[in-house]
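A.B. asks: Structure for the following, please:
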Amino acid sequence: MDNQEDIPYFGAPPEDYYAPQRPVQYRAQKIVRPTPPPRKRRSIIRPIIYSVLIMALVFILLSPPVLNMILNNFPGGRSFPETATFTVERRISLSGSADYTLDLPEARDMLPAQKVTATQYDPPPTEVQTKYGGTWNIWRGSLGGFNSHDTITIRMSMETKTMVWKMEESGTVLDIPSNMTNKYTGDEWEVHAEDTPLGTDDRDLDGKTDIMINPSAPEISNLAHQLADDKPDVYSKAKAIYDYMVDNFKYSTSQQMNYVQQEYGGLPKHALATLRDKWGDCDEQSMLYMSFLRALGIPARLELGALYSQKNEWDGHAWALIYIPPSDGSSGNYWYNVDIVNDEFLVRDANRFTTWIDDGDGAHLNDYYHPIEWSGGTLTVSDLDDYVSISYTPSGTVTVKSENSMPGFDFLTVVIAIAVPLIYWRNKRR
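C.D. replies: Here you go, the predicted model:
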């Protein structure tokens, strides 16, 4: 041994120890990821908060002030032409086998809001009368036989102007001249059996004679005083009643209009029926509004004419004309327009014209609503309240803030509408 330590073997080496070695093959190792910790249960508080915010936003957007604001060209204003120049044709078609009389008021100047520049008739009226403070044109004709037909065309050219009256206070009821109070604060237009084809003065069968403008009805008078007795002046009383009606009454649907046509004999519903139903068209809601004001001693009249719609059409329309004395106690012609169904308080837009204004006499108002009489046969009338637009040219713009919007409500709505999605998006990214 060369002083070399022996390598100790424990047992004999394997038989292939000295054989050539094969290359070692390596297997890919499986990567074992650490088991993640159990996920925490998500809190239900956050979804509840989102749900409450969304519900609050929906509630705000559906509330009457905001709905009016949105409908009046968000954020809270309505735009009207400063002036408008237009020509319209009223074409009345009569067919049948009767002798008829058609009696219509002639539109006249109402400066500065309305100026009539030309009027043409085809055929010319048979007779012209002066009555009820204005000119009325009368056509008489005879339809000789089956399918006989007449058409009367009235073409009017006008210039109109948007009027906006701004005030925060006014005189009191005691400042209203007595001649106005005596003429325009009582019941008006009691329906008689012969006024409608139904042959009754109680068309809704409530046991009472129908009175179109009915401030003496306890249901109307009591509610009017409840809503406005705490208001100091005529302006605030008229505004309180206006707000109540805008918030609580809806415009008639087509089905409801058909119902009124059949059940009320072709005339509007009376004020008590509109109060009961909480819906009505332009003249029905206007007559209820007038009834409320008259019950408080505030003069109110019905104004009748036509309104230009967004469909580029003219349709028969009615709205209220109310008397508000000035706070300085002076006397004068202080009449202002209120259109309940179009949400216009102390506004007269240029997209309308007037043909006649109620003079406080129910018989005269009844006459306006019965323009045609016939005898000796049958008569069918069409397009009585429709107008054909020949030309229409607006000029300038007047923006009026919605009277029914709460101060700052438009800003608050915008903030909420932006904040809710941003909060949701920010938390979604986390």
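
A.B. asks: Surely residue 199 touches residue 193?
C.D. replies: Yes: counting by CB atoms under 8 Å, residue 193 is a contact partner of residue 199 at 5.3 Å. For the C-beta atoms, the positions are set from N, CA and C on the backbone; glycine is no exception.

A.B. asks: Does residue 139 belong to a helix, a strand or coil?
C.D. replies: Following DSSP: H, G, I helix; E, B strand; the rest coil, the label given to residue 139 is strand.

A.B. asks: Confidence-wise, which helix or strand of this structure is lowest on average?
C.D. replies: helix 64-71 (a mean of 50; mean pLDDT, DSSP states H and E).

A.B. asks: Need the contact partners of whichever helix or strand comes after that helix.
C.D. replies: Next helix or strand after helix 64-71 toward the C-terminus (DSSP states H and E): strand 77-80. Applying CB atoms under 8 Å, 6 or more residues apart in numbering, the external contacts of strand 77-80 come out as 72-73, 162, 343-344, 347, 349-351, 397-402.

A.B. asks: Give me the buried entries from those residues.
C.D. replies: Buried subset of the contacts of strand 77-80 (neighbour count, 16 or more other CB atoms under 10 Å): 72, 162, 343, 344, 347, 349, 350, 351, 398, 400, 402.

A.B. asks: and of those, the nearest to residue 388?
C.D. replies: Closest approach between the buried ones among the contacts of strand 77-80 and residue 388, by CB to CB: residue 351, at 15.9 Å.

A.B. asks: from what I can see that closest one touches residue 306, true?
C.D. replies: No: using CB under 8 Å, residue 351 makes no contact with residue 306, being 9.5 Å away.

A.B. asks: what bits of the stretch 1-150 of the chain have low per-residue confidence?
C.D. replies: 1-44, 61-76, 145-147 (pLDDT under 70).

A.B. asks: how about the strands in it?
C.D. replies: 77-80, 83-96, 99-105, 114-122, 127-131, 134-142, 148-161 (DSSP state E, counting those that start in this stretch).

A.B. asks: Against residue 224, how distant is the spatially closest residue to residue 130 that is not a sequence neighbour?
C.D. replies: Closest residue to residue 130 apart from its sequence neighbours, by CB to CB, 6 or more residues apart in numbering: residue 136 at 7.5 Å. Distance of residue 136 to residue 224, computed by CB to CB, to the nearest Å: 34 Å.

A.B. asks: can you check residue 193 too?
C.D. replies: Separation of residue 193 from residue 224 (CB to CB): 29 Å.
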